[in-house]
Structure formats: structure tokens, C-alpha cells
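# Can you look at this prediction? I've put the sequence above it.
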Amino acid sequence: MERPEGTGARRGRAAALIGAAAALGVVAGTCAGYLVQAGREPTELPPLSQPVLAQAKGEAPEPLTAAQDRRVKTDGDLRELLLKKPRGARDAEYLRGDDGWLDLDGYAAFHKYPDRAFGALVSDEFRRAAVTGWEVGGTYVVEIRLLQFRQEERLGAVENSEGNQYGADARDDDARTWALPGTRNGRVFVATRPETKPGYRPDYTAKAFAWRGDIAMEVWISDTRPIPKAKIMDLAERQLERL
């Protein structure tokens, strides 16, 4: 049987009208909900629960003395923490620095790649460095460096000390090494063969690396004769005592 003309069109328009009415109903309901909510009194939030803290009684502790407060010592003149030149020794002839201070450029120049070392020291928050050194006889030379780091975001003293130890292990595969007593990870290195470079005399070397707080310590000895373990140990331990 044939469908009367216009039936499909009427049904389509009817469906569209029903859909539009439903949409208008949703919008009207939402608006009514907002109006009702806006007309209500605001609901108070519950009070925050917080325990009552008891106030401490008694007198406040006495401030640390200068001898007890390590920062008083290390924030002062860093050069005062260096070992003193022994009696009978003379100042090292080729000691770098200016009046006991060693700047960032000067310290970076000790490394094989100074530009890389400079960048690493900046990243490690290098603050300052002090240096001393002396000579005994015509061949025995000592140099001691103290490097201080800001340590606001990185443990620069630790990283510097561990980096030097790693470099010593990599370069001096013939050296003997021992832990430095009284430190967490300090070490000493004593070469069993002399270093030889064109134009320079052959020298035996010994070195020590350690850190205490925000200060990294380096002790270097060179001589034309083999250096006893006791020599570098004694210097390193006495320098650490001053920190």
C-alpha cells in the first residue's frame, strides 16, 4: 500500500520539534538551578583542625662558641686553615696564586683541559681557594690547596674530591693507594715510578684527596726519590685536623 505523500516530512519536523523542546528544557533547568543556588545563604566551611602546640619551657640553649661552630672557622680567612711552612723550608718557587689565594682560572689551569675544568667548577658552585707550598733541599716540594664550595644545590666539595681520586686512578695505574684515616672517602696515592716529561727532571709524586664539610683538600708532594707513604699520610692528616 502506498504511503500518503508528506507523511515522512511531517514526522521529521515533529522529531525536530521534540528534540528542540528537550534541549530547551535542559537549559531552563540549569538556569533555574543556578538561580536557586544564588539565592541561598553561603554555607560556612568547617574550621581547620590543628593541635595545640605546647610552648617549650626553660632557658634557650647557649649559642655555640667560635671553637664549637665550624662555620665560624671556615667562613673566616681560609688561608689561616692551611698548614704552616715548616722551619727550615722556603716558599715554593713556582707556586700559583696571589698572596695565598687561588682564583678559578688559576685552579682550572692545573687540569689537562682547563676550559672543561672551569665549566665543571662553576657548576659545582666554586666559592674560593687557598694555597700554600714549600721546598726543602733542592728537590722536595709540597703544595696544599683548600677549595671551598657554596653547596647550595650541589655537594661541590664531595664531587671535586671524588673527581680527583677518579683521575688519579685513571692516570697513575702504577700508584699504590690507601684510605685516609678519619675521613669518609679520602685517599692517598703514592707513585712507584717517576713521572718523565721532556725537558723536566724525573719526579716521584704522592697526593691526597679528601673533603670535610664544604671544603675539598688536596696535598701534593714531589721529589726525585720515592716518597714514603708515611710522609703523605702525616701531611694529609695534619691538614685535616685544621679543618
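Looks like it arrived, so ask away. Residues are numbered from 1 along each chain as shown.
# Any stretches of this structure with poor pLDDT?
Along the chain, the parts satisfying pLDDT under 70 run over 1-40, 48-50, 52-53, 60-74.
# go with 80
The model of the chain has pLDDT under 80 over residues 1-75, 170-173.
# for it, what spans make up the strands?
Listed in chain order, the strands of the chain (DSSP state E) span residues 90-91, 126-136, 140-149, 176-179, 187-190, 204-212, 215-223.
# now could you export just the CA positions of the fourth one as PDB?
Looking back up the chat, that one is strand 176-179. The C-alpha coordinates for strand 176-179 follow below in PDB (Å, rounded to 0.1, in the frame of the first residue of the first chain):
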ATOM      1  CA  ARG A 176      99.700   2.400  45.400                       C
ATOM      2  CA  THR A 177      96.600   3.800  47.300                       C
ATOM      3  CA  TRP A 178      95.300   3.700  50.800                       C
ATOM      4  CA  ALA A 179      92.200   5.000  52.600                       C
END
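# Residue 133 contacts residue 93, correct?
No: with contact taken as Cβ atoms under 8 Å, residue 133 and residue 93 are classed as non-touching, separated by 9.1 Å. No exception for glycine: its C-beta is placed from N, CA and C like everyone else's.
# And these two? Which one has more around it.
Comparing residue 133 with residue 93 by other Cβ atoms under 10 Å, the one with more neighbours is residue 133, at 20 against 9.
# Not counting sequence-adjacent ones, nearest residue to that one?
residue 92 (3.4 Å; Cβ to Cβ, 6 or more residues apart in numbering).
# what sits against the one you found?
133, 134, 135, 141, 142, 143 (Cβ atoms under 8 Å, 6 or more residues apart in numbering).
# Most neighbours of all those, which one?
Among those, the one with the most neighbours (other Cβ under 10 Å) is residue 142, at 23 neighbours.
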